[in-house]
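Asks: 3D model of this:
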Amino acid sequence: MSKNLRGLSERKGLNPGIFKEIAEAAKNERTDNHEILNKIAGKNLIGKSSVLGASTFYEFLREEHLSKKVFICNGTACLTSGKQKKLKDDLLSHFREDEIGTVTCLGHCHSNNAFMHDHKTLIFEEKAELKNLLNQTDPLKPVFFTGTNAGNPALLGETGDIHEYYRILTDYLADIEKAIEEIIKSGLRGRGGAGFSFSAKKQASRAAEGPRKYVVCNADEGDPGAFSDKWLLEERPHSVLFGMMASGMITGSDTGIVYIRGEYPESVKSVRKAVRDLEDAGLAGAGCRGAGFCFEFHVVEGMGAYICGEETSLLNSIEGLRPEVRTRPPFPATYGLFGKPTILSNVETFANIRYILKEGGEAYAALGTEKSPGSKLVSLDGGFNKPGLYEIKMGTPLRFVFDELGGGTKYPVKAFQVGGPLGGIIPSSRVDELTLDFESFSREGFLLGHAGVVSIPEDFPLINFIKHLFEFTSAESCGKCFPCRIGSTRGTEMLSSAIRDGEKIDRQLFDDLLETMQLGSLCALGGGLPLPVRNALKYFEPELSGFFR
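Replies: The predicted model follows:
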């Protein structure tokens, strides 16, 4: 069935795709929006249930969301900062209780005071500023720290003239094998999760047969605590677009799709402007005047679903299908968007490509270690004295990152969650034993992931933090597999009863639940949750033991 729907979606194409039509219809405030959805199903020969199922999946398209006027970030970093209550109290002076909703995550983990209004992300410190802020058409950008220990950083450098920036592609156009060789030498690993070899993905897609191939940038990885993607999309969008274009040149694709999470409205605007600039300069799009290679970009705005950060769910979303996780194999490199070979990677991974092609793969690899080459963007949340974004050479001691670059923490911190809501919980006492690389984190039972750092204050109850992780997973599960969908709900129920009613949790039952989720879930959302929970149980047993029997 999915293959048939995928074929119908491909016939519709991307300009606009079925997903965009569904989103526009669902956001329509008229009472006949269901009639509009039925028309979309009819003209595309898709069942009404498929269109309705897709439209009701997304947070931003649900009726209760559409009735809200302002949204507070409830991501992990904002939760532990303790600023949410004051933010809501201040907003209540301008909005009714039923007009205020929540959203995860707005990518302002460095300030912890962000909210969304009228498709803009806003921040303020004093209540008196709020009235004027709500009426601004071009709100001020937050100020935060950036820095590096990489000398010649791969990601923080300015773009400059775009003609000069993209000119290097013509140097490799006549020798694609040379470009592949440099990427192999670089040892670049995916910067969003497990660190899979990027060159392996690229070679698999290049070798796959087919008249049509795609390049897809996953800009919907919204790990609370990580704002590196947001910064790249808004401050260095051409680094991402260049990486996609180079990937298309290598794999034989002339079409790229940037799927950006709806929680980053400024990122959507920035990337669309960068694409227009490329088209106006004749470097991409229909008016391309390139030397034998033209590439077309499509920017797709997500509608609020954390699970779309999982690559196959994202592909289903672009196709207008319900964005549930696909079983694998086949993998996207050979069976991706519309069932065609697709090179799919995340924002930071693509952003590294230009440095590799310009400076050479060996120069990039030398920034890191043998098994974790290159550098990594690290996001430090508002718990640090110098919160912000830092480009760090792989292999750097974690203590150096926290204390020398981040300036230490503003208050006593008992643990750090690194790598998003599915990342490990690192006790402060273990920081000195870790270096910033995949192997060190994995060896010690943690996860580097996006390298977003959330500070857990000394006085923040770990039991509440664990419950938050289960609630997050339950709310964001695509629902396709039982271990994730039901397991996260049962975990939330057990923890809520323990906190609220003092009901002891059966430890064996809880451990069985974690094992079932880890082994039985289709993707890392349900399968990754047990990692931080087990870290908490292991390192904070005295604090948590009273809740278990």
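Asks: C-alpha coordinates for stretch 399-408, PDB please?
Replies: Only the C-alpha atoms of stretch 399-408 are listed here, as PDB (Å, rounded to 0.1, in the frame of the first residue of the first chain):
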ATOM      1  CA  ARG A 399      36.200  19.500  31.000                       C
ATOM      2  CA  PHE A 400      37.900  21.900  28.800                       C
ATOM      3  CA  VAL A 401      34.700  22.500  26.800                       C
ATOM      4  CA  PHE A 402      32.700  23.100  29.900                       C
ATOM      5  CA  ASP A 403      35.100  25.200  32.000                       C
ATOM      6  CA  GLU A 404      37.500  26.900  29.600                       C
ATOM      7  CA  LEU A 405      35.000  27.700  26.800                       C
ATOM      8  CA  GLY A 406      31.700  27.600  28.600                       C
ATOM      9  CA  GLY A 407      33.100  29.400  31.700                       C
ATOM     10  CA  GLY A 408      31.700  26.700  34.100                       C
END
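Asks: quick check: mean pLDDT across that stretch?
Replies: Averaging pLDDT along stretch 399-408 gives 97.
Asks: give me the buried positions along that stretch.
Replies: V401, F402, L405, G406 (16 or more other Cβ atoms under 10 Å). Glycine gets a C-beta too; all of them are placed from N, C-alpha and C.
Asks: closest to F465 among these?
Replies: Among the buried residues of stretch 399-408, F402 lies closest to F465 (Cβ to Cβ), at 19.2 Å.
Asks: quick check: longest helix of this structure.
Replies: helix 482-501 (DSSP state H).
Asks: which secondary structure elements does that helix contact?
Replies: helix 462-476, helix 507-520, helix 524-528 (3 or more Cβ pairs under 8 Å, 6 or more residues apart in numbering; DSSP states H and E).
Asks: so how far is the first one from its chain's centroid?
Replies: The chain centroid and the centroid of helix 462-476 are separated by 18 Å, computed with Cα atoms, centre = their mean, to the nearest Å.
Asks: about what we covered before: out of the helices and strands packed on helix 482-501, deepest packed?
Replies: helix 524-528 (a mean of 23; mean count of other Cβ atoms under 10 Å).
Asks: show me what counts as buried in the very next helix or strand once past that helix.
Replies: Once the chain leaves helix 524-528, the next helix or strand it forms, by DSSP states H and E, is helix 530-539. Using 16+ other Cβ under 10 Å as the test for burial, helix 530-539 gives P530, L531, P532, V533, R534, N535, A536, L537, Y539.
Asks: save these as CSV, and put in pLDDT and distance to A208 too.
Replies: Output for these, formatted as CSV (pLDDT from 0 to 100; distance: Cβ to Cβ, whole Å):
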residue, pLDDT, distance to A208
P530, 97, 34
L531, 97, 33
P532, 97, 36
V533, 98, 38
R534, 98, 38
N535, 98, 39
A536, 97, 42
L537, 97, 43
Y539, 97, 44
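Asks: of those residues, which is the nearest to E235?
Replies: P532 (29.8 Å).
Asks: these two touch, right, the closest one and L469?
Replies: Yes - with contacts counted by Cβ atoms under 8 Å, P532 reaches L469, the gap being 6.1 Å.
Asks: quick check: neighbours shared by the two?
Replies: Residues touching both P532 and L469 (Cβ atoms under 8 Å, 6 or more residues apart in numbering): P421.
Asks: where does the stretch 201-350 of the chain have low pLDDT?
Replies: 290-292 (pLDDT under 70).
Asks: all helices for it, in order.
Replies: Along the stretch 201-350 of the chain, counting by DSSP state H, counting those that start in this stretch, helices occupy 228-235, 237-251, 265-280, 311-318, 347-351.
Asks: please enumerate the helices of the stretch 51-200 of the chain.
Replies: Going by DSSP H, counting those that start in this stretch, the stretch 51-200 of the chain shows helices at 63-66, 76-81, 84-91, 130-134, 162-173, 176-186, 198-207.
Asks: residue closest to the middle of the protein?
Replies: Nearest residue to the geometric centre of the chain (Cα atoms, centre = their mean): E221, 1.2 Å.
Asks: residues in contact with V533?
Replies: Counting by Cβ under 8 Å, 6+ apart, the residues that V533 touches are I466, L469, F470, L514.
Asks: what's the closest of those to T121?
Replies: L469 (24.1 Å).
Asks: most packed of the helices of the stretch 51-200 of the chain?
Replies: helix 76-81 comes out most buried of these by mean count of other Cβ under 10 Å, with a mean of 26.
Asks: run the chain-centre distance for it.
Replies: With Cα atoms, centre = their mean, you get 17 Å for helix 76-81.
Asks: cool, stretch 410-428 as well?
Replies: 19 Å.
Asks: tell me which residues of it come out buried.
Replies: 413-428.
Asks: buried sites along stretch 24-37?
Replies: Under the neighbour-count criterion of 16+ other Cβ under 10 Å, stretch 24-37 has A25, A26, N33, I36, L37 buried.
Asks: wait, doesn't the last one sit right on S55?
Replies: Looking back up the chat, that one is L37. Yes - under the criterion of Cβ under 8 Å, L37 makes contact with S55 at 6.0 Å.
Asks: now for the two: what residues contact both?
Replies: With Cβ under 8 Å, 6+ apart as the test, L37 and S55 both reach I22, A25, A26.
Asks: pLDDT score for the last one?
Replies: In this case it means A26. For A26, the predicted pLDDT is 78.
Asks: surely it touches E59?
Replies: No - contact criterion Cβ under 8 Å: A26 and E59 do not qualify, at 11.4 Å.
Asks: that older thread, so which of the helices of the stretch 51-200 of the chain gets nearest M303?
Replies: The nearest among these, by Cβ to Cβ, is helix 63-66 at 9.5 Å.
Asks: just put the helices of the stretch 51-200 of the chain in JSON lines and tack on distance to G360.
Replies: Formatted as JSON lines, the helices of the stretch 51-200 of the chain follow (distance: least, Cβ to Cβ, whole Å):
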{"stretch": "helix 63-66", "distance to G360": "48"}
{"stretch": "helix 76-81", "distance to G360": "37"}
{"stretch": "helix 84-91", "distance to G360": "47"}
{"stretch": "helix 130-134", "distance to G360": "47"}
{"stretch": "helix 162-173", "distance to G360": "12"}
{"stretch": "helix 176-186", "distance to G360": "6"}
{"stretch": "helix 198-207", "distance to G360": "14"}
